[in-house]
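S.K.: Structure, please.
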Amino acid sequence: MGLKFIEDKCIGCKLCHLACSGAHEGAFNPKLARLSVESYYQNKGLVIEAYVCTLCGKCVDACPTSAITLKNGRLYYEVEYCINCGICVNTCPEEIIVQKEENVGICDLCEGAPWCVKFCPHGALTYEEVK
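M.R.: The predicted structure follows:
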């Protein structure tokens, strides 16, 4: 199971950012979201670029302390093992791991009930089997 983004349903409202940061950080700060949806107008049309965790495992392989693991289709992050080196941040191909002051923020799929999906008003984000 994973996140799937459906571009033609997205209106660029970024409620997913607010839901993610609120759930994980207790603050509504889009810069702390573990996904990225950028929207802008080009040639009289709305362009949406979205990046979500694809569970590629590159952050897992790169972490020198094994603070990040991939089990049962989900990332697990153990803050006590994290040395805040930022290697996972620089390795993530989607650029969605958040470097914070004392540690990092990684998409953990909200333990199987992603807040970004719950609060997407148009169904542009779904939680489903990813192939």
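S.K.: roughly how far is the lengthiest helix in the chain from the heart of the chain?
M.R.: In the chain, taking DSSP state H as the definition, the longest helix is helix 15-25. In terms of Cα atoms, centre = their mean, to the nearest Å, the centre of helix 15-25 is found 10 Å from the chain centre.
S.K.: Can you point out the buried residues in the very next helix or strand once past it?
M.R.: Moving toward the C-terminus from helix 15-25, the next helix or strand (DSSP states H and E) is strand 36-42. The neighbour-count check on strand 36-42 (16 or more other Cβ atoms under 10 Å) flags 36-37 as buried. In this view, the C-beta of every residue, glycine as well, is placed from N, C-alpha and C.
S.K.: Kindly report the same for stretch 57-74.
M.R.: Neighbour count says stretch 57-74 has 58-60, 63, 67-68, 74 buried, by 16+ other Cβ under 10 Å.
S.K.: Stretch 80-88 too?
M.R.: Quick answer for stretch 80-88 (16+ other Cβ under 10 Å): 82, 87-88.
S.K.: Out of these, flag the one nearest to I11.
M.R.: For the buried residues of stretch 80-88, the residue nearest I11 by Cβ to Cβ is C88; the value is 30.8 Å.
S.K.: is it true that that closest one touches C63?
M.R.: Yes. Applying Cβ atoms under 8 Å as the test, C88 and C63 come out as touching, 5.5 Å apart.
S.K.: Tell me which of the buried residues of stretch 57-74 fall in helices.
M.R.: Short answer: the buried residues of stretch 57-74 in helices (DSSP H) are 58-60.
S.K.: Where does pLDDT dip in the protein?
M.R.: 130-131 (pLDDT under 70).
S.K.: Okay, strands next: where are they in it?
M.R.: Ranges of strands in the chain, per DSSP state E, are 2-5, 36-42, 45-51, 68-71, 74-77, 98-99, 104-105, 125-128.
S.K.: As a markdown table, the ones you listed with distance to E111 would be great.
M.R.: Conversion of those to a markdown table gives the following (distance: least, Cβ to Cβ, whole Å):
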| stretch | distance to E111 |
| --- | --- |
| strand 2-5 | 14 |
| strand 36-42 | 21 |
| strand 45-51 | 21 |
| strand 68-71 | 12 |
| strand 74-77 | 8 |
| strand 98-99 | 18 |
| strand 104-105 | 15 |
| strand 125-128 | 11 |
